[in-house]
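Enquirer: below are the sequence and a predicted model for it; my questions follow.
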Number of protein chains: 2
Amino acid sequence: MSGEEAPTQQQQVEQQQQQQQPDGDPPAASDAPQEPEEEKPISVRALVLTGYGGYDKVRLQVKTQKKPRLQPGEVLVRVKACGLNFAELLGRQGLYELLPAPPVTMGMEGSGLIEAVAEDVKDRKVGDRVIALSRSGMWQELVVVPANRTFPMPEQMSFPEGAALPINYMTAYMMLFEMANVRPGKSVLVHMAAGGVGIAATQLCQTVRDVTVFGTASASKHETIAQGGVTHPIDYRTKDYVEEIRKISPKGVDIVLDPLGGSDTHKGYSLLKPMGMLVVFGAANCVTGQKKNLLAMAKTWYNQLSLNTLKLMQANKAISGFHLGYVTDEELFARTMRSLIELYRQGKIKPRIDSCFHFEEVTDAMKRMHERQNIGKVILLPEPKKEEEKPEPKAEEGKNVEQNEAAVDGKKEEATEEAEAEKN
Amino acid sequence: MSGEEAPTQQQQVEQQQQQQQPDGDPPAASDAPQEPEEEKPISVRALVLTGYGGYDKVRLQVKTQKKPRLQPGEVLVRVKACGLNFAELLGRQGLYELLPAPPVTMGMEGSGLIEAVAEDVKDRKVGDRVIALSRSGMWQELVVVPANRTFPMPEQMSFPEGAALPINYMTAYMMLFEMANVRPGKSVLVHMAAGGVGIAATQLCQTVRDVTVFGTASASKHETIAQGGVTHPIDYRTKDYVEEIRKISPKGVDIVLDPLGGSDTHKGYSLLKPMGMLVVFGAANCVTGQKKNLLAMAKTWYNQLSLNTLKLMQANKAISGFHLGYVTDEELFARTMRSLIELYRQGKIKPRIDSCFHFEEVTDAMKRMHERQNIGKVILLPEPKKEEEKPEPKAEEGKNVEQNEAAVDGKKEEATEEAEAEKN
């Protein structure tokens, strides 16, 4: 569970290197901008999914490679922080169809410094602090992405904040403002209100006057989410959330954001007021144990809500599905990111960092999210852990650590459970 | 097909009188406001659905009755114009489940003059020009409705305009602004764009900047709907509207308003852009002939779109159903009517009256709508036809004719086809 496997897997690593080019652009085809420079190989730490299964399938590997060449329109980013998403837990179990087959580097969002730009890229320059998006491959120190998939970060935004913003906030924003239509006076049910999307949705609801947020989370998180804007925190573990909501609002709610699927989707639909909308954006109920659970999947899929339009007419209700991975509209991405960065600048939203884990600790990170211990975003840091003894301290890495450390505003928790996680 | 049946059906008429009380309040229970006045019976013309079937099931009857007594909160309205809706065509065929069983007076919207108010009603007075709503029973000269189901009409609004506003415009308004989320730059597909809801939807889309309207209608209506604001009129009879829309907008449209059902719902769904919404608000494809057509119904229902939420997620699409009859939120009704009357006042919407038919001509009216000859709203007028020889001219009626005639701004068409309609 560390970089020590790297030497024995040299060839595998090099194969991966091509696959890991975001959006599948093979670097070999590059006959574009020439930056010959020093052709000596560099070493890049990456988290590689080596096969489908439990936590141990994600391994830290060190790739020795040439510095990537850039195609027109591309930039090279030195990654300072990456986001962990539920999609990666699904991906590890083989349940995320948009992820290329293993071996593959996962990761869809990150932040860092521009290290090189293709000759034709005029609106980014070396040293720019940016948020970067990619379909996969962000969990490594160096990534090549199209320049239009990078977004300059405001001065006051830390790298973990930058890495925490895209997936959760774009998901919440598009659901609330593109699909549903949150307006003053409306009510919203946010499941997993202490999770990344839950916190983003809660904050975005606050940008609209007089919106009531019902948020489910375990009791220990209620104080935090209430401070964050949840009007009515509900402990889904000890109470029936449908009953709890009906007590407060007998007619139900206007919008339900449902990342759970299965029977919870039915409950959400039943809770909708007339003219209300249910947005299903996940099937977290599929994921129980650490590995793919066929029974949980079957149960969730069997219970998946299916309605014909006549039923919807009699109820005056709307159902919709949202999956950021299937959004291909670049203009929509760009517009949404601009809106979010502007909201951040105005102080209206601020990603809550639950914890930051170094790449070596990715198991702890995944476990924390899987067991829903987090309140807010779980962040992965590419640079090696410093303070403790490390199996293989790499001399050439960690150069920019001081800068990155300065940007970390979240706190790392539960690093002591590392040993326990290893048993998986 | 006239009032001549009335004398022989006296008892039936009186039974109906109770059922016709809007929202089922039995007038017999009335021990409220006393307005004893003259207790001499009055004569009321009403269009009564006598059984399910073809055009001939709707008959003009003259009821001789006492002047209705008002319960608290009610007003008595002398109806000057009523709207004909697709729901009544369905109702006549026995396909509108919200209509009480025959014999029953149909009609959900009208306009007229307040003729009496219950003692506790302070915000309406005798002589007020109002729009009135009811679940059924509006197709008669005198109706009793709750005062909060009446809405004062602006000075410049004619009675036919007032009768044309509620159902079509509330339907379009709630679909576009409550369920879907029309915003600047969006595109909308409006089926039957020359019909009542189609014209209302087109006008309401104009109230938002830069909205593209694709509207289907037969070619002869294109000039009119284009003048009314349809950006791209499409002749659905001679062309495949899906192909036509794709030619203009390869990615499809953001919102589809679908009153057709069946296979057209599938087409509409396929036309949606990501983040788009399909609103199904009818199953007009069920209605082919004049009477209930089991084959058409079966086909439409069999083809009714049914989707589970996983499919919706992969497509990033929303489906919803709308049926004004199932909306029970009085506050929503009132708010929507206020918005619509304000938009009328500002000149942003104006009901287009296709034609006005006297009660005697109800067959022509239904036929005109059934055969989709209308461009805009078909209106029914309670007062007897004057200019031609009538089977039973009622002396005590027609008092307010001059006022009503003045208000008619639509033109009556095809009255000469009356004879043909009688053969049904």
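Expert: Cool, the structure landed. Numbers count the residues shown, from 1 in each chain, chains lettered A, B, ... in the order given.

Enquirer: ok, now how distant is the spatially most central residue of chain A from chain B?
Expert: By C-alpha atoms, centre = their mean, chain A has its centre lying nearest to A:N85, at 3.3 Å. Between A:N85 and chain B the distance is 15 Å, computed by C-beta to the nearest C-beta, to the nearest Å. Backbone N, C-alpha and C define where each C-beta goes, glycine included.

Enquirer: does that residue touch A:M108 like I think?
Expert: Yes: at 6.3 Å, A:N85 and A:M108 qualify as touching, with contact defined as C-beta atoms under 8 Å.

Enquirer: state the helix or strand in which the most far-flung residue of chain A relative to its centre lies.
Expert: Computed with C-alpha atoms, centre = their mean, the residue of chain A farthest from its C-alpha average is A:Q314, at 37.3 Å. Assessed by DSSP states H and E, A:Q314 sits inside helix A:309-315.

Enquirer: alpha carbons only: can I get that helix in PDB?
Expert: Taking Å, rounded to 0.1, in the frame of the first residue of the first chain, the C-alpha atoms of helix A:309-315 are listed here in PDB:
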ATOM      1  CA  THR A 309     -46.300   9.700 -17.700                       C
ATOM      2  CA  LEU A 310     -50.000   9.100 -16.800                       C
ATOM      3  CA  LYS A 311     -49.000   8.500 -13.200                       C
ATOM      4  CA  LEU A 312     -47.000  11.600 -13.200                       C
ATOM      5  CA  MET A 313     -49.900  13.600 -14.600                       C
ATOM      6  CA  GLN A 314     -52.200  12.600 -11.900                       C
ATOM      7  CA  ALA A 315     -49.700  13.500  -9.300                       C
END
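
Enquirer: what's in contact with stretch A:331-346?
Expert: A:131, A:133, A:148-149, A:151, A:153-154, A:157, A:161, A:165-166, A:169-170, A:173-174, A:178, A:204, A:207, A:327, A:349-350, B:274-275 (C-beta atoms under 8 Å, 6 or more residues apart in numbering or on different chains).

Enquirer: inside helices: which ones of those?
Expert: A:161, A:166, A:169-170, A:173, A:204 (DSSP state H).

Enquirer: so which of those is surrounded by the most neighbours?
Expert: Greatest neighbour count in the ones in helices among the contacts of stretch A:331-346, by other C-beta atoms under 10 Å in any protein chain shown, goes to A:P166: 28 neighbours.

Enquirer: hang on, isn't it packed against A:G83?
Expert: Yes: in terms of C-beta under 8 Å, A:P166 counts as a neighbour of A:G83; the distance is 7.2 Å.

Enquirer: what does A:V77 show for phi and psi?
Expert: As for A:V77, its main-chain torsions (degrees, to the nearest 10) stand at phi -120, psi 130.

Enquirer: just the pLDDT for it.
Expert: For A:V77, the pLDDT comes out at 97.

Enquirer: which residues are common contacts for A:P166 and A:G83?
Expert: Counting by C-beta under 8 Å, 6+ apart, the common neighbours of A:P166 and A:G83 are A:108-109.

Enquirer: could you pull out the strands in the stretch 51-200 of chain A for me?
Expert: Using DSSP state E, counting those that start in this stretch, the strands of the stretch 51-200 of chain A run over residues A:58-65, A:74-83, A:104-105, A:109-117, A:129-133, A:142-146, A:150-152, A:187-190.

Enquirer: A:I255 should be in a strand, yeah?
Expert: Yes: assigned with DSSP: H, G, I helix; E, B strand; the rest coil, A:I255 falls within a strand.

Enquirer: still on that earlier bit, overlap in contacts of A:N85 and A:M108?
Expert: Both A:N85 and A:M108 are in contact with A:I167, where contact means C-beta under 8 Å, 6+ apart.

Enquirer: ok, the closest residue to chain B within the stretch 101-250 of chain A - contacts?
Expert: Among all residues of the stretch 101-250 of chain A, A:N181 sits closest to chain B, at 3.8 Å; criterion: C-beta to the nearest C-beta. By C-beta under 8 Å, 6+ apart, the contact set of A:N181 is A:277, B:178, B:180-181.

Enquirer: ok, now with 7 Å
Expert: Contacts for A:N181 (C-beta atoms under 7 Å, 6 or more residues apart in numbering or on different chains) come out as B:N181.

Enquirer: count the neighbours of A:R246 for me.
Expert: Neighbours of A:R246 (other C-beta under 10 Å): 15.

Enquirer: is it in a helix, a strand, or coil?
Expert: A:R246 is classified as helix under three-state DSSP.

Enquirer: same thing with A:V230?
Expert: Assigned with three-state DSSP, A:V230 falls in the coil class.

Enquirer: chain neighbours aside, what residue packs nearest to it?
Expert: In this structure, A:V230 finds its nearest non-sequential neighbour in A:G215, 3.6 Å apart by C-beta to C-beta, 6 or more residues apart in numbering or on different chains.

Enquirer: burial check on the one you found, number of neighbours?
Expert: Using other C-beta under 10 Å, the number of residues around A:G215 comes to 29.

Enquirer: thought it was touching A:I225?
Expert: Yes: counting by C-beta atoms under 7 Å, A:G215 touches A:I225, with 5.3 Å between them.

Enquirer: what is in contact with those two at once?
Expert: Contacts common to A:G215 and A:I225, judged by C-beta under 7 Å, 6+ apart, are A:193, A:202, A:233.

Enquirer: could you list which of these belong to helices?
Expert: Filtering these for helices - DSSP H - leaves A:T202.

Enquirer: and which of the shared contacts of A:G215 and A:I225 is nearest A:K40?
Expert: A:T202 (48.9 Å; C-beta to C-beta).

Enquirer: just checking, the closest one touches A:L189?
Expert: No: checked against C-beta under 7 Å, the pair A:T202 and A:L189 is beyond contact range at 11.3 Å.

Enquirer: give me the more crowded residue out of those two.
Expert: More neighbours surround A:L189 than the other of A:T202 and A:L189, with 30 against 25 (other C-beta under 10 Å).

Enquirer: spell out which parts of the stretch 201-350 of chain A neighbour chain B.
Expert: A:265, A:274-275, A:277, A:280-281, A:304-310, A:312-323, A:326-327, A:329 (C-beta under 7 Å from any C-beta of the partner chain).

Enquirer: and these, which of them are buried?
Expert: Using 16 or more other C-beta atoms under 10 Å in any protein chain shown as the burial test, these include A:265, A:274-275, A:277, A:280-281, A:304-305, A:307-310, A:312-313, A:315-323, A:327 as buried.

Enquirer: quick check: A:S249 touching A:S187?
Expert: Yes: contact status for A:S249 versus A:S187: in contact at 6.2 Å, counting by C-beta under 7 Å.

Enquirer: so which helix or strand takes in the closest residue to A:M179 other than its chain neighbours?
Expert: Excluding its sequence neighbours, the residue lying closest to A:M179 (C-beta to C-beta, 6+ apart) is A:S320, at 5.1 Å. Element membership for A:S320 (DSSP H and E) is strand A:318-321.

Enquirer: with just CA atoms, put that strand into PDB.
Expert: Only the C-alpha atoms of strand A:318-321 are listed here, as PDB (Å, rounded to 0.1, in the frame of the first residue of the first chain):
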ATOM      1  CA  ALA A 318     -41.500  15.500 -12.000                       C
ATOM      2  CA  ILE A 319     -38.700  13.000 -11.800                       C
ATOM      3  CA  SER A 320     -35.300  13.500 -13.300                       C
ATOM      4  CA  GLY A 321     -31.900  11.900 -13.300                       C
END
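
Enquirer: just checking, what packs against that strand?
Expert: strand A:272-280, helix B:309-315, strand B:318-321 (3 or more C-beta pairs under 7 Å, 6 or more residues apart in numbering or on different chains; DSSP states H and E).
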